[in-house]
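Chemist: Predicted coordinates and the sequence they were generated for:
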Amino acid sequence: MIRLTDTTLTHMPSAEKYDRAKIFRFCRLLYLVGVDYIEMPSMMYARIINTDCRPEEPELISPHKADAENNDGIDAGSFVLHIELDEQMQSFPEISKFVCRSCEDVTDARLINERQINDIREINRLRGTSRLSRVRVKGMDDILLKDYVQVFSQMQSYLGKEYEFCPQDSFGMATATAVEWANLGGTRLVTSFGGIGNCAPTEEVLMALRINKRHHLNHDMTVMPQLKLLVEEMTGVMFSPQKPILGSKIFRVEAGIHADGIEKDPYTYEPYEPGSVGTTRALVVGKHSGTKAIEIKLSQLQIPYFHDELLSLLRNVQAESMRIGRSLTDEEFIMIVRNTK
């Protein structure tokens, strides 16, 4: 079974900047979409658990899973804390997983030793880590340009099958790297929402695993727009309209052949339904449209038309789209239809 750790909050370390309620809402939404563990800096965790709850507010963190289910809290065992010194573990007895990059000689079973590997020639440095209980390998940005099957096999011979892998995204390959690693038997992946912090994007990895390996089909990814808005609000980072899974325009169709194919069979172009990630498909018309797209748009807007009008209407749509430098809104399209008639 693949276990996913999301590290978004680790890349937003200024705890005092973030509202406690927003952090917990973010965590609950992540669990809802299929994340297994959420990592955050120990400072952030300390701050949110030391804030007194209002009388009407349930406890937000429970040290036991059963208690968490009863009071709408979050199981403390689902959190991973990022620390700088192993002594910090003593302050959080309810936490069972810690990550540290500077604790190389600590063999505590609760500690995940993080190792940065930027080049496949460096993987021999992992030989001596077999004595450690847990290891996270971070980096390997360009591994898909190498003999990655052999490299992953070598890493597995050093670390066993239970090590964590956090592919980084300097070359835009992190999602593909994560999926290939899972296809080759890897079971523990480390990601971040939207790829914040140069990691594989959590939402892309989840969807790829769902499609390729039927992973977490019972989880709800329709809350992705809520997660996107929350992260944008917390970080000030605005995601591109074309970003996979999250983009507001990824299901907008304009090209004529594309529109025709979608109308006949959505799976011609779409590996998953728009509704599965909380969005909808939209046909827009513009300079790339064809007569079929115009015909579909007229039908959607319930506008009567004659077939011999389509070509002149298409030319007017294309001319207006090129003039304004974008696709047309429905209101603009309706106005052109009126003027053409």
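Modeler: Structure's in. What do you need?
Chemist: So which residue is smack in the middle of this protein?
Modeler: Nearest to the mean C-alpha position of the chain, counting by Cα atoms, centre = their mean, stands E203 at 2.2 Å.
Chemist: tell me what the strand or helix carrying it is packed against?
Modeler: Assessed by DSSP states H and E, E203 sits inside helix 202-213. Judged by 3 or more Cβ pairs under 8 Å, 6 or more residues apart in numbering; DSSP states H and E, helix 202-213 is in contact with strand 3-6, helix 20-33, helix 174-183, strand 188-191. All C-beta spots, glycine's among them, are computed from the backbone N, C-alpha and C.
Chemist: Give me whichever of these is most buried.
Modeler: Comparing those on average neighbours per residue, with mean count of other Cβ atoms under 10 Å, the densest one is strand 188-191 at a mean of 26.
Chemist: Now for the nearest residue to G195 once chain neighbours are set aside: which residues touch it?
Modeler: Nearest residue to G195 in three dimensions, chain neighbours excluded: P201, at 4.0 Å (Cβ to Cβ, 6 or more residues apart in numbering). P201 makes contacts with D169, A174, T175, T191, S192, F193, G194, G195, P244, I245, as judged by Cβ atoms under 8 Å, 6 or more residues apart in numbering.
Chemist: ok, the residues you listed vs P274, which is closest?
Modeler: Proximity of these to P274, judged by Cβ to Cβ, is greatest for I245, which lies at 10.7 Å.
Chemist: what's the closest non-adjacent residue to the closest one?
Modeler: Nearest non-adjacent residue to I245 (Cβ to Cβ, 6+ apart): E203, at 4.2 Å.
Chemist: show me the contacts for the one you found.
Modeler: E203 touches V33, F193, G194, M221, M224, L227, P244, I245, L246, V277, counting by Cβ under 8 Å, 6+ apart.
Chemist: Please repeat the previous calculation with a cut-off of 7 Å.
Modeler: F193, M224, I245, L246 (Cβ atoms under 7 Å, 6 or more residues apart in numbering).
Chemist: still on that earlier bit, weed out the non-buried ones from the contacts of P201.
Modeler: D169, A174, T175, T191, S192, F193, G194, G195, I245 (16 or more other Cβ atoms under 10 Å).
Chemist: Please name the nearest non-neighbouring residue to the third one.
Modeler: It refers to T175. Spatially, and ignoring its direct neighbours in sequence, T175 is nearest to E204 (4.4 Å; Cβ to Cβ, 6+ apart).
Chemist: hang on, isn't that neighbour packed against I245?
Modeler: Yes: counting by Cβ atoms under 7 Å, E204 touches I245, with 5.7 Å between them.
Chemist: And the residue nearest to I245, how far from G172?
Modeler: Distance, E203 to G172, using Cβ to Cβ, to the nearest Å: 15 Å.
Chemist: repeat for Q302
Modeler: 42 Å.
Chemist: Which of the two has more residues huddled nearby?
Modeler: G172 (9 against 6; other Cβ atoms under 10 Å).
Chemist: Would you map the helices across the stretch 1-150 of the chain?
Modeler: 20-33, 42-50, 65-71, 148-159 (DSSP state H, counting those that start in this stretch).
Chemist: mind checking which of these is nearest L298?
Modeler: helix 20-33 (37.4 Å).
Chemist: State the number of residues packed around L246.
Modeler: 26.
Chemist: what about it, which SS state?
Modeler: When classified by DSSP: H, G, I helix; E, B strand; the rest coil, L246 comes out as coil.
Chemist: how close does it sit to V237?
Modeler: For L246, the distance to V237 - Cβ to Cβ - is 11 Å.
Chemist: Same check on L314?
Modeler: From L314 over to V237 (counting by Cβ to Cβ), the distance is 39 Å.
Chemist: Flag the shaky bits of the protein, pLDDT-wise.
Modeler: 15-16, 50-74, 128-133, 254-260, 341 (pLDDT under 70).
Chemist: on that earlier part again, quick one: contacts for the residue nearest to T175?
Modeler: T175, P244, I245.
Chemist: re earlier: so can I have a markdown table of the helices of the stretch 1-150 of the chain showing distance to G139?
Modeler: A markdown table is the format used below for these (distance: least, Cβ to Cβ, whole Å):
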| stretch | distance to G139 |
| --- | --- |
| helix 20-33 | 24 |
| helix 42-50 | 23 |
| helix 65-71 | 33 |
| helix 148-159 | 12 |
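Chemist: picking that back up, following element in sequence after the helix holding E203, please.
Modeler: helix 224-235.
Chemist: got the angle between that next one and helix 202-213?
Modeler: Angle, helix 224-235 to helix 202-213, by axes from the mean of the first three to the mean of the last three Cα atoms, to 10 degrees: 150 degrees.
Chemist: Name the surrounding residues that touch helix 224-235.
Modeler: 12, 18, 22, 25-26, 29, 33, 193-194, 203, 238-239, 245-246, 277-279.
Chemist: still on that earlier bit, just the angle for the helix holding E203 relative to helix 20-33, thanks.
Modeler: Using the same axes, to 10 degrees, helix 202-213 lies at 10 degrees relative to helix 20-33.
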